[in-house]
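Trainee: model this:
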Amino acid sequence: MVKPIIAAVGNFDGVHRGHQFLLDETAKFAQSFGAEPGVVLFDPHPRRYFRPNDPPFLLTTPMHRDALLRRYGAKEVYALTFDETLATMPPGNFIEDVLKTQLGLAGVVAGADFRFGAGRAGDGEMLKERGEELGLKVKLVDVISNGSGADKFGSSDVRKALLEGDVQRAAEILGRPWSVVATVEEGRKLGRTIGFPTANMMLGEIIAPRQGVYACRATVDGKTYDAVSNFGRRPTVGADAPLLETNFFDFDSDLYGREIEVEFIAFLREEKKFNGLEELSAQIALDCKKAKEILSQ
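Mentor: I've put the predicted structure just below:
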């Protein structure tokens, strides 16, 4: 017999510690009614719909986000297409037509500050009142502090930290290192000529962190390696588009076309232009040495 679903509702970009707390509360609430926990979210992110000209800002790709949601307990993930219909839908219709009828949920969990519907006119109290009228189990969850006073954990805080290169702060909010999952693309292979072959990745809709060099851990085929990554425009070789280049330690296989995950552990230095490949090679060797020291701690 298929169990009913009680779902947390939100955007869940980054799946940070606040999201994880909401998922934990959803799991406990669902279990009390013999249901399974799920998630209802929106694709594309509403910010992309309302502000289409914004630069990339996502913390996770949809596939990576959904994998994280399942890791933290969601049994089902429902991605609603955020378009004009959803953007202009009255909040009451969202509860009845989408949550109750379309998705067939048994219940809903949301942060107490959750807003939804056209003009963000719906709030938690409306969700609880109207939802319960329709037979939905509804729970509102108070947010948890991020350790800096009364502020809640937020995806915007992670974005700010990444733009500043403060990947340790980002990790504190996320409850794990921030990471990028992408497919390795074939590059100019200049790294091979100076003894430091790299796996090249374009970030696409993922937020661009502070440009520079990072100590990282990279995972391919389930195995994790220490690594050093450069994110930027590679001024020494005259590149244009920002690129993430990762040099794996103790690894020597072709990665083209393979999906890898790169975790950002520590910021090492700003990106800079060197006087030729020999000087660049010497600096990369120093970067690798420093990264190994950090990653061994």
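
Trainee: which strand of the chain spans the most residues?
Mentor: With DSSP state E applied, the strand covering the greatest number of residues in the chain is identified as strand 259-270.

Trainee: alpha carbons only: can I get the next helix or strand after that one in CSV?
Mentor: For strand 259-270, the succeeding helix or strand toward the C-terminus, using DSSP states H and E, is helix 277-295. Extracted in CSV, the C-alpha atoms of helix 277-295 (Å, rounded to 0.1, in the frame of the first residue of the first chain):
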residue,chain,number,x,y,z
LEU,A,277,53.8,29.6,-17.7
GLU,A,278,57.0,28.9,-15.7
GLU,A,279,56.0,31.4,-13.0
LEU,A,280,52.4,30.1,-13.1
SER,A,281,53.7,26.5,-12.6
ALA,A,282,55.8,27.5,-9.6
GLN,A,283,52.8,29.2,-8.0
ILE,A,284,50.5,26.2,-8.6
ALA,A,285,53.1,24.0,-6.9
LEU,A,286,53.0,26.3,-3.9
ASP,A,287,49.2,26.3,-4.0
CYS,A,288,49.2,22.5,-4.0
LYS,A,289,51.5,22.3,-1.0
LYS,A,290,49.4,24.7,1.0
ALA,A,291,46.2,22.9,0.0
LYS,A,292,47.6,19.5,1.1
GLU,A,293,48.6,21.0,4.5
ILE,A,294,45.0,22.4,5.0
LEU,A,295,43.3,19.2,3.8
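
Trainee: which strands and helices lie in contact with helix 277-295?
Mentor: Applying 3 or more CB pairs under 8 Å, 6 or more residues apart in numbering; DSSP states H and E, we find helix 277-295 packed against strand 212-220, strand 223-232, strand 259-270. C-beta here means a position set from N, CA and C on the backbone, and glycine is covered the same way.

Trainee: what's the closest of those strands to Met201?
Mentor: Taking CB to CB as the criterion, strand 259-270 is the member of the helices and strands packed on helix 277-295 that comes nearest to Met201, at 7.2 Å.

Trainee: what residues of that closest one count as buried?
Mentor: By neighbour count, with 16 or more other CB atoms under 10 Å as the criterion, the buried positions of strand 259-270 are 260-268.

Trainee: I would like the residues contacting it, please.
Mentor: By CB atoms under 8 Å, 6 or more residues apart in numbering, the surrounding residues in contact with strand 259-270 are 64, 162, 165-168, 170, 176-184, 199, 201, 209-220, 227-229, 244, 246, 287, 290-291, 294-295.

Trainee: which SSE is immediately downstream of the lowest-mean-pLDDT helix or strand in the chain?
Mentor: Across the helices and strands of the chain, mean pLDDT, DSSP states H and E gives its lowest value to helix 190-193, namely a mean of 50. Once helix 190-193 ends, the next helix or strand along the chain (criterion: DSSP H and E) is strand 199-201.

Trainee: now the helices: where do they sit in the stretch 101-250 of the chain?
Mentor: Using DSSP state H, counting those that start in this stretch, the helices found in the stretch 101-250 of the chain span residues 124-133, 155-163, 167-174, 190-193.

Trainee: worst average pLDDT in those?
Mentor: Per-segment mean pLDDT for the helices of the stretch 101-250 of the chain reaches its minimum on helix 190-193, at a mean of 50.

Trainee: for Thr224, which non-adjacent residue is closest in space?
Mentor: Arg217 (5.4 Å; CB to CB, 6 or more residues apart in numbering).

Trainee: can you check the pLDDT for that neighbour?
Mentor: Model confidence at Arg217, given as pLDDT, is 97.
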